[in-house]
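[1] Sequence plus predicted model, see below.
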Amino acid sequence: MSDLLTLSGVHTHIGRYHILHGVDFVVPAGQTTMLLGRNGAGKTSTLRTIMGLWQASAGEISLAGEHIEHLATPDIARRGIGYVPESMAVFSDLSVKENLVLAARDGPLDDKRLDWIFGFFPALRRFWLSRAGSLSGGQKQMLSIARAIAEPRKLLLIDEPTKGLAPAIVMALIECLAEIKRGGATILLVEQNFHAARQLGDTVAVMDNGRIVHRGAMSALAADVALQERLLGLSLEAHQ
Amino acid sequence: MTELAASERLPEPKRDILPLLLPVILALLMLPLIGSPSSWITLTVASLAMGMMIFIMASGLTLVFGLMDVLNFGHGAFISVGAYVATLVLLPLAATGQVDSLWLNLAALVPAILLSMAASAALGLLVERVLILPVYGLHLKQILMTMGGLIVTEQALYALWGPQIIPLPLPASLRGSFIFGDVAISKYRVAAALLGLVIFIAIQLILNRTKLGLLIRAGVENREMVEALGYRIRRLFLGVFMAGSALAGLGGIMWALYREQVHASMGSDLTVLVFIVVIIGGLGSIGGCFIGALLVAMVANYGGFLVPKLALVSNILLMVAILMWRPRGLYAVTSR
């Protein structure tokens, strides 16, 4: 299996703060890679650096063999990356429809694809013409994910999609992501929820203090409680 | 694309119409204070005309503010340049302007307006590339750069046209008034108010009905996410900046014809007014800008009639009052 995304020795500075200290990991094509770690470990910063929202100060990021670390955010996005930020960032003043119209940057929304998305997120069909700002937290998260998959993308970067959502919605969201994954998508997923991580992850990278401290198969980490304690401070089981 | 006619809708948050009613309430309150209905009508029409001209000048600035957080203190330069460039067409054609034929007058006015808007847009392109591009994200430097640009433009106008005030007579068909009983309503004011309204509606249609407009609205709310969706917002911003500059140029000609004169400092005089409007309206909000412009014009006209001495501070007082009521302006769009 080839690697779709490769980060090697990526450093990121924000002002005088050194946030990422040489991040190395790969996202194999067709798989879901989990990026785990404590709060403040640098997971969100890593995704932002891949998107070019923060410029890497050193190191290389390549997508399907092409270096993207020097590109501007819109050009990185146009290489085929869909991004779901931690804040969801739906355009609250725009309707659900308008949010998705913008997500389809290469032309009009495709009906078939829209039906496929509505299959995951029926609420979006129901609230098609409503202001995105009036959706619930879970529905906003669905819209944010729908926006990332409104057109086929090579790679999805998804930042803590289950954060702050009610357990029932979390279950539904995990189902959706699993379905998207079965569709052959390559996903880099930041997730604190162990249940989600174990169900969705093929491989895992664990971060601490702006570095990758562990890489391996998700199943191996899920089976090794001592390793979880060491890497994440508490066992992943405790996250359930 | 799928249109879902039977789509359920969430309970929408109540439309915030209080700011919308504000100009109406203000106008009605002034009626007993002013006493004479004919003076009230004259002042109200004057407010509408002045308000629409200020709106045209301010509309571009508010989008530029909202979209890229750029403080353009040089917006007035586009106003003056628009007015001066119009004299290039209108003065040589002054003779046709004096003929009382709407078509002949328009034959001079329309090219003048198009040329002015083109010149202001071109200046906008230059200002964005040369003055603003190097200082994105740096407010203090933006203020210094754009104010510097305004001063340079003003001096260049003095150098090219001389320091004197240039009289710019209104074309004959726009002069005079419609008379209803003892009420006289100036034709030009009606025309200016109508043109302003048309432009307001056009901007609203573009913002709400086109993908370009959606992008602008989305960009005002969260430009980072617009970029992450793959849109080059800098290019969009340049387009908005140029369109805003062209509108400021149009506002400049309208203002010059209103005052029937052109002078180089008109831009910097109007900049203060335009900024007050943008702040009152809420940065980035076209609707807020529209109402803000009406309020500023009403306060200037009614205030000038009732308490002439207040005229100098009335706009600042209005801004203070509005910001005490709504600290982020009438319609807050951005989170900034």
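    Received, thanks.
[2] Quick one: distance of stretch A:135-153 to the chain centre.
    Between the centre of stretch A:135-153 and the centre of its chain there are 12 Å (Cα atoms, centre = their mean, to the nearest Å).
[3] Indicate whether that stretch makes contact with chain B.
    Yes - applying Cβ under 8 Å from any Cβ of the partner chain, one finds stretch A:135-153 in contact with chain B at A:135, A:147. Any C-beta I mention is one placed from the backbone N, CA and C, and that applies to glycine too.
[4] quick one, what contacts the nearest residue to B:Gly181 once chain neighbours are set aside?
    Closest residue in space to B:Gly181, ignoring its immediate chain neighbours: B:Ser38 at 7.8 Å, by Cβ to Cβ, 6 or more residues apart in numbering or on different chains. For B:Ser38, the set of contacting residues under the criterion of Cβ atoms under 8 Å, 6 or more residues apart in numbering or on different chains consists of B:181-184.
[5] Turn those residues into TSV, columns for neighbour count.
    Formatted as TSV, the contacts of B:Ser38 follow (neighbours: other Cβ atoms under 10 Å in any protein chain shown):
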residue	neighbour count
B:Gly181	7
B:Asp182	10
B:Val183	16
B:Ala184	14
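[6] for those residues, which one is nearest chain A?
    Nearest to chain A, judged by Cβ to the nearest Cβ, of the contacts of B:Ser38 is B:Val183 at 41.2 Å.
[7] and the gap between A:Asp208 and B:Leu29?
    Distance of A:Asp208 to B:Leu29, computed by Cβ to Cβ, to the nearest Å: 64 Å.
[8] more crowded one of those two?
    Regarding A:Asp208 and B:Leu29, a neighbour count based on other Cβ atoms under 10 Å in any protein chain shown identifies A:Asp208 as having more, with 17 against 11.
[9] That one - nearest residue in space that isn't next to it in sequence?
    By the measure of Cβ to Cβ, 6+ apart, the closest residue to A:Asp208 outside its immediate chain neighbours is A:Ala41, 5.1 Å from it.
[10] count of residues packed around the residue of chain B found nearest chain A?
    When Cβ to the nearest Cβ is the measure, chain B has its nearest residue to chain A at B:Gly230, with 3.6 Å between them. Counted with other Cβ under 10 Å, the neighbours of B:Gly230 add up to 23.
[11] picking that back up, isn't the residue nearest to A:Asp208 up against A:Met207?
    Yes - between A:Ala41 and A:Met207 a contact is recorded at 4.2 Å, counting by Cβ atoms under 8 Å.
[12] Please identify which of those two sits among more neighbours.
    A count of neighbours by other Cβ under 10 Å puts A:Met207 above the other of A:Ala41 and A:Met207, at 24 against 21.
[13] where does the more buried one fall, helix, sheet strand or coil?
    Using DSSP: H, G, I helix; E, B strand; the rest coil, the three-state assignment for A:Met207 comes out as strand.
[14] again with A:Thr6
    strand.
[15] what separates it from A:Val27, distance-wise?
    A:Thr6 sits 8 Å away from A:Val27, going by Cβ to Cβ.
[16] out of everything not next to it in sequence, what's closest to the residue of chain A found nearest chain B?
    Using Cβ to the nearest Cβ, the closest approach of chain A to chain B is made by A:Ala77 at 3.6 Å. Nearest residue to A:Ala77, sequence neighbours excluded (Cβ to Cβ, 6+ apart): B:Gly230, at 3.6 Å.
[17] Need the phi and psi values for the one you found.
    phi 100, psi 10 (degrees, to the nearest 10).
[18] Just the pLDDT at it, thanks.
    What the model reports for B:Gly230 is a pLDDT of 95.
[19] wait, what's in contact with it?
    For B:Gly230, counting by Cβ under 8 Å, 6+ apart, the contacting residues are A:74, A:77-78, A:105.
[20] Also A:Leu173?
    Per Cβ under 8 Å, 6+ apart, neighbours of A:Leu173: A:138, A:141-142, A:145, A:161-162, A:165, A:196.
[21] how does it look with 6 Å?
    If you count contacts by Cβ atoms under 6 Å, 6 or more residues apart in numbering or on different chains, A:Leu173 has them with A:161-162.
[22] Next: B:Met242.
    When contacts are counted by Cβ under 6 Å, 6+ apart, B:Met242 touches B:121, B:124-125.
[23] switch the cut-off to 10 Å
    The neighbours of B:Met242, taking Cβ atoms under 10 Å, 6 or more residues apart in numbering or on different chains as the test, are B:60, B:78, B:117-118, B:120-128.
[24] Distance check, B:Gly162 against B:His263.
    When Cβ to Cβ is the yardstick, B:Gly162 and B:His263 sit 10 Å from each other.
[25] The two: which has the busier surroundings?
    Neighbour tally, B:Gly162 and B:His263, criterion other Cβ under 10 Å: the higher count belongs to B:His263, 20 against 10.
[26] What sits closest to that one if chain neighbours are left out?
    In space, not counting the residues next to it along the chain, B:His263 is nearest to B:Ile165; the distance is 4.6 Å by Cβ to Cβ, 6+ apart.
[27] What is the neighbour count of the residue nearest to A:Leu4 when sequence neighbours are not counted?
    Distances taken as Cβ to Cβ, 6+ apart put A:Ala29 closest to A:Leu4, at 4.2 Å, once the chain neighbours are dropped. Burial of A:Ala29, expressed as a neighbour count using other Cβ under 10 Å, amounts to 16.
[28] Tell me both backbone torsions, phi and psi, for A:Ala29.
    Backbone geometry at A:Ala29, expressed as degrees, to the nearest 10, gives phi -60, psi 140.
[29] and it, what is it in contact with?
    By Cβ under 10 Å, 6+ apart, A:Ala29 lies in contact with A:1-5, A:64, A:154-155, A:184-186.
[30] quick one: secondary structure of B:Ser38?
    With three-state DSSP as the basis, the three-state label of B:Ser38 is helix.
[31] same deal with A:Val26?
    The three-state label for A:Val26, taken from three-state DSSP, comes out as strand.
[32] where exactly do the strands run in the chain?
    As the question left the chain open, I've gone with chain A. Along chain A, the segments classed as strands by DSSP state E run A:3-14, A:17-28, A:32-37, A:56-63, A:66-67, A:81-84, A:155-159, A:186-190, A:203-208, A:211-217.
[33] Actually, chain B is the one I wanted.
    Taking DSSP E to define them, one finds strands in chain B at B:166-167, B:177-180, B:183-186, B:261-262.
[34] Run the chain-centre distance for the first one.
    For strand B:166-167, the distance between its averaged C-alpha position and the chain's averaged C-alpha position is 22 Å (Cα atoms, centre = their mean).
[35] again, but for stretch B:77-91
    16 Å.
[36] Next up, the contacts around the closest residue to B:Phe78 other than its chain neighbours.
    Distances taken as Cβ to Cβ, 6+ apart put B:Ala248 closest to B:Phe78, at 3.7 Å, once the chain neighbours are dropped. Contacts for B:Ala248 were tallied using Cβ under 10 Å, 6+ apart; they are B:56-61, B:72, B:75-82, B:116-117, B:120-121, B:123-124, B:267, B:270-271, B:274.
[37] and the longest helix anywhere in chain A with strand A:155-159, angle?
    Criterion DSSP state H: the longest helix present in chain A is helix A:167-182. Helix A:167-182 runs at 160 degrees relative to strand A:155-159, counting by axes from the mean of the first three to the mean of the last three Cα atoms, to 10 degrees.
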